[in-house]
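A.B. asks: for reference, the sequence and a predicted model appear below.
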Amino acid sequence: MLYSMDLTVLNLALPQISADLKPTGSQLLWIVDIYGFFVAGSLITMGTLGDSIGRRKILMIGAIFFGLASAIAAFSRSAETLIITRALQGMAGATLAPSTLSLIRVLFKDAQQRVMAVGLWGTSFSVGALIGPVIGGALIEKFWWGSVFLINIPVMVLLVIVGPKILPEYKNPKAGKTDLISAGLSLMALLFVIFGIKKLAEHGFGLIPVLTILLGSFLGFLFIRRQKKLTSPLIDLKLFTHFTFNALLLTNALTAFVMFGSFIFLAQYIQLVMGLSPFMAGIWSLASPIGFLVSSLVAPQLAQKIRPAFIMSGGLVLGAIGFFLASQVNGPNDLYLLVASNVIYSFGCSPVLLFTTNMIVNSAPSEKAGTAAALSETGNELGGALGIALLGSYGTYLFKNSILDSLPNSLTAEFKQIATANLENALHTAQTASGESRKILTELIQKAYTTEFDSVMLLSSLILLSLTFLVLMKLRHLTLEAEHGAD
């Protein structure tokens with residue numbers, strides 16, 4: 001829960017941080033993004049390290065460092081210190097998901113209990129996303145911005161005290177030493193690729209993001225090449241020789257691609273087109289995590305009677321319907337339709353993410369469960385980053401073309417910069433116009449964004465429908481307790 005809370009809880013504190021630490025624009029972006037970067041880049045290393053030295057041990061070490069990093073972050077007196085401690089938080093946070101998920105594999109021998117445990121494990125992420133902004137907002141109103149980090153410490157202290165007493169230890173008895181060069185290569189490869197993807201989403205194609213992605217891809221190639229030569233590789237590449245394992249990873253990543261890629265459009269549409277305040281936009285946006293929460297509790301119960309592939313395919317169809325309904329939204333009067341569609345696709349996609357995560361971990365040998373859990377989370381993170389980048393770039397392209405096509409000739413020269421701006425900047429530029437021109441430009445910009453929004457939602461619907469066929473054709477033989485090696 002803390003792992004997902006820390007991805008969002010800081011957003012509400014940015015005005016206070018800016019006033020207190022006075023970071024540059026670039027530093028402010030790093031304060032926000034670097035936690036997620038280091039979580040994604042460290043997952044594989046931490047998952048494999050847990051298999052090697054012990055999953056409980058890596059969880060305890062991660063909890064200690066997460067608490068220490070949170071304490072230092074809370075009292076940071078410079079932007080540089082906060083950036084470094086956020087990076088350390090990310091590395092420590094990367095121990096939490098793989099170690100807890102792989103311990104579930106060992107702790108729950110009964111298949112139905114394990115399904116429910118993974119469901120509750122996934123629910124905790126939804127709860128974190130749900131309460132993160134609420135708790136953050138409440139703390140910031142009463143205390144200073146550092147309080148959003150201090151809430152992590154009591155939970156970590158409790159984990160360190162209670163964890164060794166109630167959690168079993170498990171590690172791979174045949175594991176060799178962790179190869180630090182491989183760990184460094186995997187971390188840097190993922191960091192460069194994700195950084196490049198995010199820059200593409202923010203600024204479009206450019207030399208720096210393209211070179212960054214190419215460098216990350218080259219480091220990834222060196223990483224894979226090194227794994228083939230090592231007797232104790234960081235990742236057992238044999239996991240990828242099974243089509244079922246790859247299909248599960250792809251389904252997980254593409255579902256995250258659609259879900260994360262659509263969130264940013266939803267937030268902007270509610271505020272800047274429908275005109276809701278940030279507080280009210282936050283209230284209406286709660287529909288998505290609530291849909292996830294309910295579905296993640298119901299789906300494991302259904303799995304006792306229905307094969308998971310049929311539940312997932314039904315969920316994907318439901319998600320596609322939700323996104324299709326969202327593509328029919330046409331302005332401020334369609335708020336209820338937008339919220340309803342949000343609940344529908346969140347409810348539908350939740351069992352897909354939960355079940356694929358469960359089956360990815362179960363498809364690997366128990367001694368490799370930490371690595372498999374890390375790969376699942378990495379696929380989820382990369383899928384989300386790609387969704388934001390590619391769907392964002394597609395939407396930006398549509399937005400620019402729609403504005404250029406609709407601007408009156410008399411206004412095109414004066415407000416040409418609108419065509420290269422994002423929605424918020426475009427609306428700000430429109431407010432500088434006078435009289436009737438302001439109203440005309442605002443309506444044109446909002447109409448152009450509605451066209452972009454509807455097209456992205458429709459594309460998301462088609463992606464989920466395509467995934468339905470993959471799940472039905474290639475995963476219908478699996479159960480949630482499927483053993484490794486199924487092909």
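C.D. replies: Yes, it's here.
A.B. asks: just the buried positions in the lengthiest helix in the chain, please.
C.D. replies: Ordering each helix of the chain by length in residues (DSSP state H) puts helix 436-474 first. Residues of helix 436-474 classed as buried under the neighbour-count rule (16 or more other C-beta atoms under 10 Å) are 437, 440-441, 444-461, 463-465, 467-468, 470-471, 474. Quick note: C-beta positions are derived from backbone N, CA and C, even for glycine.
A.B. asks: pLDDT on stretch 242-250, on average?
C.D. replies: Average pLDDT, stretch 242-250: 81.
A.B. asks: the stretch 351-487 of the chain: helices as residue ranges?
C.D. replies: 369-386, 392-406, 409-412, 423-430, 436-474 (DSSP state H, counting those that start in this stretch).
A.B. asks: now render the ones you listed as CSV, adding distance to residue 288 and mean pLDDT.
C.D. replies: Listed next are the helices of the stretch 351-487 of the chain as CSV, based on distance: least, C-beta to C-beta, whole Å; pLDDT from 0 to 100:
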stretch, distance to residue 288, mean pLDDT
helix 369-386, 14, 70
helix 392-406, 18, 74
helix 409-412, 37, 58
helix 423-430, 20, 68
helix 436-474, 13, 85
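A.B. asks: can the ones you listed go into a markdown table with extra columns for distance to residue 298?
C.D. replies: Formatted as a markdown table, the helices of the stretch 351-487 of the chain follow (distance: least, C-beta to C-beta, whole Å):
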| stretch | distance to residue 298 |
| --- | --- |
| helix 369-386 | 21 |
| helix 392-406 | 32 |
| helix 409-412 | 52 |
| helix 423-430 | 36 |
| helix 436-474 | 18 |
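A.B. asks: and residue 301, how many neighbours?
C.D. replies: Residues lying near residue 301 (other C-beta atoms under 10 Å) number 13.
A.B. asks: the residue nearest to residue 357 when sequence neighbours are not counted and residue 88, how far apart?
C.D. replies: In this structure, residue 357 finds its nearest non-sequential neighbour in residue 376, 5.0 Å apart by C-beta to C-beta, 6 or more residues apart in numbering. Remark: distance between residue 376 and residue 88 (C-beta to C-beta, to the nearest Å) = 24 Å.
A.B. asks: and these two? which has more neighbours close in?
C.D. replies: Taking neighbours as other C-beta under 10 Å, residue 376 and residue 88 compare with residue 376 leading, 27 against 20.
A.B. asks: shouldn't that one be in contact with residue 250?
C.D. replies: No: using C-beta atoms under 8 Å, residue 376 is not in contact with residue 250; the gap is 11.6 Å.
A.B. asks: tell me the confidence at residue 140?
C.D. replies: At residue 140, pLDDT is 72.
A.B. asks: now swap in residue 304 and tell me
C.D. replies: pLDDT recorded at residue 304 is 77.
A.B. asks: Provide the backbone phi and psi angles at it.
C.D. replies: The phi and psi torsions at residue 304 (degrees, to the nearest 10) take the values phi -70, psi -20.
A.B. asks: next, the closest residue to it other than its chain neighbours: secondary structure please.
C.D. replies: Leaving aside its sequence neighbours, residue 304 sits nearest to residue 112 (C-beta to C-beta, 6+ apart; 6.0 Å). Three-state assignment for residue 112 (DSSP: H, G, I helix; E, B strand; the rest coil): helix.
A.B. asks: so how far is residue 350 from residue 112?
C.D. replies: Applying C-beta to C-beta, the value for residue 112 to residue 350 is 19 Å.
A.B. asks: what's the burial count for residue 121?
C.D. replies: Applying other C-beta under 10 Å, we find 18 residues neighbouring residue 121.
A.B. asks: correct me, but it touches residue 101?
C.D. replies: Yes: under the criterion of C-beta under 8 Å, residue 121 makes contact with residue 101 at 6.3 Å.
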